[in-house]
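turn this into a model:
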Amino acid sequence: QVQLVESGGGLVQPGGSLRLSCAASGFAFSDYALSWYRQAPGKEREWVASITSIGRRTPYAESVKGRFTISRDNAKNTVYLQMNSLKPDDTAVYYCRAVLSGRGNYWGQGTQVTVSS
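You can find the predicted model right below:
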């Protein structure tokens with residue numbers, strides 16, 4: 001059974017930091033590219049960052065570049081998103097996604113991040 005379980009969300013003040021985790025099971029995690037997406041209230045889901053299967057490429061959306069860092073630990077089947085200098089516009093439900101062309105496309109259930117004073 002494939003599972004992606006996000007954690008680490010919560011309420012944080014502007015300028016603060018959070019580290020999201022996404023623990024995976026039920027598939028060959030190390031073969032998959034991993035991504036984080038987010039969806040704010042009333043908006044479409046948007047891509048945030050990705051990391052290739054061995055972590056050599058890590059593209060970011062312009063809105064988070066320089067503030068967020070994606071990483072993965074294939075030994076722990078976990079992908080992370082370190083979020084620094086958070087802004088109210090970062091408020092959203094954050095989702096992780098695992099993709100391997102022709103093999104699988106999996107989503108987690110999401111974790112809420114709220115940036116507010």
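
for Gly104, give the beta-bridge partners.
Taking DSSP bridges as the rule, Gly104 bridges to Leu100.

may I see the buried residues of stretch 13-28?
Going by neighbour count (16 or more other C-beta atoms under 10 Å), the buried part of stretch 13-28 is 18, 20-24, 27. For the C-beta atoms, the positions are set from N, CA and C on the backbone; glycine is no exception.

how far does that stretch sit from its chain's centre?
The chain centre lies 6 Å from the centre of stretch 13-28; the measure is C-alpha atoms, centre = their mean, to the nearest Å.

and it, how far apart are its ends?
37 Å (C-alpha to C-alpha, to the nearest Å).

what does stretch 59-73 give?
For stretch 59-73, the first-to-last residue distance is 17 Å (C-alpha to C-alpha).

do stretch 54-73 as well
Termini of stretch 54-73 sit 9 Å apart (C-alpha to C-alpha).

hmm, who's touching it?
30, 34, 36, 46-52, 78-86, 89-90 (C-beta atoms under 8 Å, 6 or more residues apart in numbering).
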